[in-house]
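Enquirer: Just to be clear, the model below is a prediction. Sequence and coordinates:
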Amino acid sequence: MTVVPFPTPPAETTGGETVAAAVDRYLDSVQTKTTRDSYAETLARLTTLAGDRPAAALVPEDYAAVMDRWDAAAAATWNRTCPR
């Protein structure tokens, strides 16, 4: 297994980067198209929920609201479609 570190935010965006900007920067760092596409679907929901807010201001409830999509899904569906 290969471990890929999280991308380091540019110095000028530390602390004030919006969720939308952080998501775009993260997706740009993902090299595998299928992985990027899978993550993009879920992260688009997070961006819709909190895109203009600073990423540092996200709270667990924000993530829970995005992940609620899979609450009623069968285990096989969750394992296939939920980002890892």
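Expert: Sure thing, it's come through.

Enquirer: only C-alpha atoms for contact and neighbour calcs from this point on.
Expert: OK.

Enquirer: Can you list the low-confidence ranges for this structure?
Expert: Residue ranges of the chain with pLDDT under 70: 1-15, 76-84.

Enquirer: all helices for it, in order.
Expert: Here the chain has its helices, by DSSP state H, at 19-29, 33-50, 60-67, 75-81.

Enquirer: Format those helices as TSV; extra columns: mean neighbour count.
Expert: Formatted as TSV, the helices of the chain follow (neighbours: other Cα atoms under 10 Å):
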stretch	mean neighbour count
helix 19-29	17
helix 33-50	16
helix 60-67	12
helix 75-81	11
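
Enquirer: Could you find the closest non-adjacent residue to the most centrally placed residue in the chain?
Expert: By Cα atoms, centre = their mean, the mean C-alpha position of the chain lies nearest to Leu43, the distance being 3.9 Å. The shortest distance from Leu43 to any residue other than its chain neighbours is 6.7 Å, reached at Val23 (Cα to Cα, 6 or more residues apart in numbering).

Enquirer: Isn't that neighbour up against Glu41?
Expert: No: applying Cα atoms under 8 Å, one finds Val23 not in contact with Glu41, separated by 11.1 Å.
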